[in-house]
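Enquirer: Provided below are the primary sequence and the corresponding predicted coordinates.
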Amino acid sequence: MEAASIAFWVVAMLVLLAVAFDFMNGFHDAANSIATVVSTGVLKPQQAVLFAAFFNVIAIGVFHLSVAKTIGKGIVEPGVVDAHVVFGALVGAIVWNVITWWYGIPSSSSHALIGGIVGAVMAKAGGSHLIAGGILKTVAFIFISPTLGFVLGGLMMVAVSWVCRRTSPIRVDRWFRRLQLVSAGLYSLGHGGNDAQKTIGIIWMLLVAAGYVAADASSPPAWVIWVCYLAIGLGTMFGGWRIVKTMGQRLTKLKPVGGFCAETGGAMMLFIATSLGVPVSTTHTITGAIMGVGSVRGASAVRWGLAGNIIWAWIFTIPASAFVAGACYWLSLTIF
């Protein structure tokens, strides 16, 4: 299908599908922003999702579109993208998100989308049209983001423990119940800033392929940006409670001080990655940060068996979503 011949209704359908993915991204990854603040009892679940959704949306005025540019122009060569590639990429990512949500596995919506794009492009034209630099940068952060999250979360916990060493536990708990609202807000801000841009990038890619946006445009249309930020905020409002339980209670038990350190360390990592234009996984980041905080109390404080299962899900996300996306690419050839 040539770019100029992509029907308007096909483009509209795929934009709606992308927005649905964005909504599911917020729904699936709500746990990343609110699990710790809910598990420590600082906010009730209904309050937490509204709080996180607000910061998801206002991220529109904080971050540049560096991640959107990586997705839209840094993963595959623009000339190979068509409606079938976008359809395969989105369906592959959505299917993997549904599977991992159902089983309560905190996998990465970001890497599901990257895997979907890679699988659909390979089904169409092979690997020669993939941009190695963008893919390698993304794959590298599968390991870098949880590692830095672990280190930053652990260092925050050590620093706070030293500063508060002569303060009574009751006063520490009271302080960090308030401070955790700040850290949760920062993490939600980073979540919205990084994750909403991934959907902006794939819609931008589609509009360029369809001829609605010039290939050399410096940014996508404003309506794309607003729709994507609002969609991820709405998704967060509905929450993903299966994964909240895994992240907030089963991985390690957190107090407000631990929640503050995990969220602050994770937020620092997200801000760095977004400024560099890396489509990093918010799931990997906060999981690493929670493990880092828990490990400061001792190795036995972290349920390493559960952590190992989560890591296997991370490893399988890109190839699994790529496989589904490749199959959906071929299916789309018979649909439109």
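Expert: Sure thing, it's come through.

Enquirer: in the protein, which helix is the longest?
Expert: helix 169-210 (DSSP state H).

Enquirer: what about Ser219, which SS state?
Expert: Secondary structure of Ser219, reduced to three states by DSSP: H, G, I helix; E, B strand; the rest coil: coil.

Enquirer: and for it, nearest residue in space, chain neighbours not counted?
Expert: Excluding the flanking residues, the one nearest Ser219 by Cβ to Cβ, 6 or more residues apart in numbering is Leu65, at 5.8 Å. Placement of C-beta: from N, CA and C, glycine included.

Enquirer: on that earlier part again, give me the helices and strands touching the longest helix of the chain, please.
Expert: Judged by 3 or more Cβ pairs under 8 Å, 6 or more residues apart in numbering; DSSP states H and E, the packing partners of helix 169-210 are helix 8-39, helix 45-58, helix 66-73, helix 83-102, helix 109-125, helix 222-238, helix 256-276, helix 282-296.

Enquirer: measure how buried the closest residue to Cys261 other than its chain neighbours is and give me the count.
Expert: Leaving aside its sequence neighbours, Cys261 sits nearest to Met156 (Cβ to Cβ, 6+ apart; 3.8 Å). Applying other Cβ atoms under 10 Å, we find 25 residues neighbouring Met156.

Enquirer: A helix includes Met156, no?
Expert: Yes - judged by three-state DSSP, Met156 forms part of a helix.

Enquirer: is it true that it touches Thr264?
Expert: Yes - applying Cβ atoms under 8 Å, one finds Met156 in contact with Thr264, separated by 5.5 Å.

Enquirer: quick one: Val324 and Tyr103, what's the gap?
Expert: Val324 is 16 Å from Tyr103, where distance means Cβ to Cβ, to the nearest Å.

Enquirer: those two - which one has more neighbours?
Expert: Set Val324 next to Tyr103 and count neighbours by other Cβ under 10 Å: Val324 wins out with 24 against 13.

Enquirer: spit out the contact partners of that one.
Expert: 91-92, 95-96, 116, 119 (Cβ atoms under 8 Å, 6 or more residues apart in numbering).

Enquirer: let's see 6 Å
Expert: 92, 95 (Cβ atoms under 6 Å, 6 or more residues apart in numbering).

Enquirer: what strand or helix carries it?
Expert: Using DSSP states H and E, Val324 maps to helix 304-335.

Enquirer: quick one: average confidence on that helix?
Expert: The pLDDT scores in helix 304-335 average 79.

Enquirer: buried residues in that helix, which are they?
Expert: Buried residues in helix 304-335, defined by neighbour count with 16 or more other Cβ atoms under 10 Å: 307, 310-311, 313-314, 316-318, 320-329, 332.

Enquirer: out of the helices and strands packed on helix 169-210, which is closest to Gln180?
Expert: helix 256-276 (4.6 Å; Cβ to Cβ).

Enquirer: buried stuff in that closest one?
Expert: For helix 256-276, by 16+ other Cβ under 10 Å, it's 256-274.

Enquirer: separation between the residue nearest to Cys261 and Ala215?
Expert: Met156 is 43 Å from Ala215, by Cβ to Cβ.

Enquirer: what of Thr317?
Expert: Counting by Cβ to Cβ - Thr317 and Ala215 are separated by 30 Å.

Enquirer: then Ala93?
Expert: 24 Å.

Enquirer: so these two - more neighbours on which side?
Expert: Legend: neighbour count by other Cβ under 10 Å for Ala93 and Ala215, higher for Ala93 (34 against 11).

Enquirer: ok, that one touching Ala112?
Expert: Yes - between Ala93 and Ala112 there is a contact under Cβ atoms under 6 Å: 4.0 Å.

Enquirer: okay, and the common contacts of those two?
Expert: Common neighbours of Ala93 and Ala112 (Cβ under 6 Å, 6+ apart) are Ser321.

Enquirer: where does the protein dip in pLDDT?
Expert: Applying pLDDT under 70 to the chain flags the ranges 1-6, 30-33, 36, 104-106, 239-254, 298-310, 313.

Enquirer: 80 - rerun?
Expert: 1-7, 28-46, 78, 97, 100-110, 239-255, 283-284, 287, 297-315, 335-336 (pLDDT under 80).
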